[in-house]
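> Just to be clear, the model below is a prediction. Sequence and coordinates:
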Amino acid sequence: MTNAISVVGLRKAYGDHTVLDGIDIQVPAGTIFSLLGPNGAGKTTTVNILTTLIRADAGDVAIMGQREPDAIRAAIGVTGQFSAVDNLLTAEENLILMADLHHLGRRAGRRVAADLLERFDLVAAARKTAATFSGGMRRRLDLAMTLVGGPRLIFLDEPTTGLDPRSRRGMWEIIRDLVRQGTTVFLTTQYLEEADQLADRIAVLNGGRLVAEGTADELKRMIPGGHVRLRFADARGLESAAYALGAAQRDDLALHVPSDGSLRSVKALLDRLDDESIEVEQLSIHTPDLDDVFLALTDKEPAR
């Protein structure tokens with residue numbers, strides 16, 4: 001699989017303040033990559049460099065195999081934190097305006113606009129001004145406008161900020177559908193559940209450096225606190241297991257056994273119980289969530 005984004009040694013400073021201190025990012029085509037980090041960590045600067053809005057001080061950046069700004073802009077779409085929707089225009093007019101900016105031609109532009117209105121469930125609102133839209137409708141239109149030029153790579157910067165849970169989940173499904181059709185997505189978000197639900201890989205940026213990268217499950221296993229909860233039918237089973245397993249916290253008729261949650265560690269635990277002929281009534285695996293990862297790997301105070 002080829003990389004949609006390849007970044008090596010990316011650096012950026014403003015005066016004496018280093019914003020990015022030599023970061024490396026590889027994003028395979030057709031995947032969702034999420035960049036997490038506290039305010040001031042360098043997320044927006046990274047996106048601005050990758051989308052050619054600002055220049056890096058050092059490092060190599062290849063976007064869809066391109067290194068020249070004009071070629072990169074032709075291959076990407078950007079949906080920022082703040083909507084690009086014109087409130088005075090209708091949904092259809094906003095899309096046709098974007099088609100004109102992409103020089104699609106009148107007939108092709110109207111065809112693309114009609115397709116996107118249907119795809120994003122905006123047909124009923126096509127002739128209504130965007131000022132009357134809900135937050136969810138506005139974000140759907142904003143993303144639809146990003147897709148007018150057919151970009152193979154989309155940067156989504158805080159795409160669901162301000163949306164209610166139903167609208168947020170609707171946007172998640174739209175993003176998943178884009179990826180199923182071959183689009184690559186670079187996502188920044190403050191909603192850790194969003195990254196957990198969507199991203200194939202996640203990187204954590206702190207103080208201008210990448211401090212961790214992996215799948216959501218891999219990142220969770222890096223943080224202490226994971227355990228397997230074993231519940232027993234009676235106190236006798238509990239005592240037998242406690243003696244066999246040693247250090248484990250008790251909770252009524254249950255034991256909390258430290259574990260990274262991996263298949264290998266859980267299998268080893270079950271094999272040990274089986275060797276001792278100890279029956280378990282119920283087993284559940286508990287691992288730290290991305291909130292725990294974020295708090296453990298990032299500064300407590302935002303960078304200034």
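Nice, I can see it.
> all contacts plus neighbour counts: C-alpha atoms, from now on.
Fine.
> hey, where'd the strands end up in the stretch 201-304 of the chain?
201-206, 209-214, 227-231, 249-251, 254-258, 282-286 (DSSP state E, counting those that start in this stretch).
> angle of the third one against strand 282-286?
For strand 227-231 against strand 282-286, the angle by axes from the mean of the first three to the mean of the last three C-alpha atoms, to 10 degrees is 160 degrees.
> and strand 227-231, what's its mean pLDDT?
Averaged across strand 227-231, the pLDDT comes to 90.
> strands paired with it, and their directions?
strand 254-258 (antiparallel), strand 282-286 (antiparallel) (DSSP bridges).
> Check the offset of that strand from the chain's centre.
30 Å (C-alpha atoms, centre = their mean, to the nearest Å).
> ok, now the fifth one?
Remark: strand 254-258 is offset 32 Å from the chain centroid, using C-alpha atoms, centre = their mean.
> Show me the contact partners of that strand.
Contact with strand 254-258 is made by 225-232, 238, 242, 245, 247-250, as judged by C-alpha atoms under 8 Å, 6 or more residues apart in numbering.
> Report all helices and strands that the helix or strand harbouring Arg107 contacts.
Assigned by DSSP states H and E, Arg107 belongs to helix 106-119. Packing contacts for helix 106-119, counted by 3 or more C-alpha pairs under 8 Å, 6 or more residues apart in numbering; DSSP states H and E, involve helix 91-101.
> in the helix it packs on, what counts as buried?
Ala91, Glu92, Glu93, Asn94, Leu95, Ile96, Leu97, Met98, Ala99, Asp100 (16 or more other C-alpha atoms under 10 Å).
> Where does pLDDT dip in this protein?
For the chain, applying pLDDT under 70 flags the ranges 1, 82, 247, 300-304.
> one more time with 50
Within the chain, the segments meeting pLDDT under 50 span 1, 301-304.
> What about it, which residue is the most distant from its middle?
Arg236 (46.0 Å; C-alpha atoms, centre = their mean).
> Spell out the residue ranges of the helices in this structure.
43-50, 69-75, 91-101, 106-119, 135-146, 165-180, 192-198, 216-221, 235-245, 263-275, 290-297 (DSSP state H).
> closest one to Glu281 among those helices?
Closest approach to Glu281 among the helices of the chain is made by helix 235-245 (9.4 Å; C-alpha to C-alpha).
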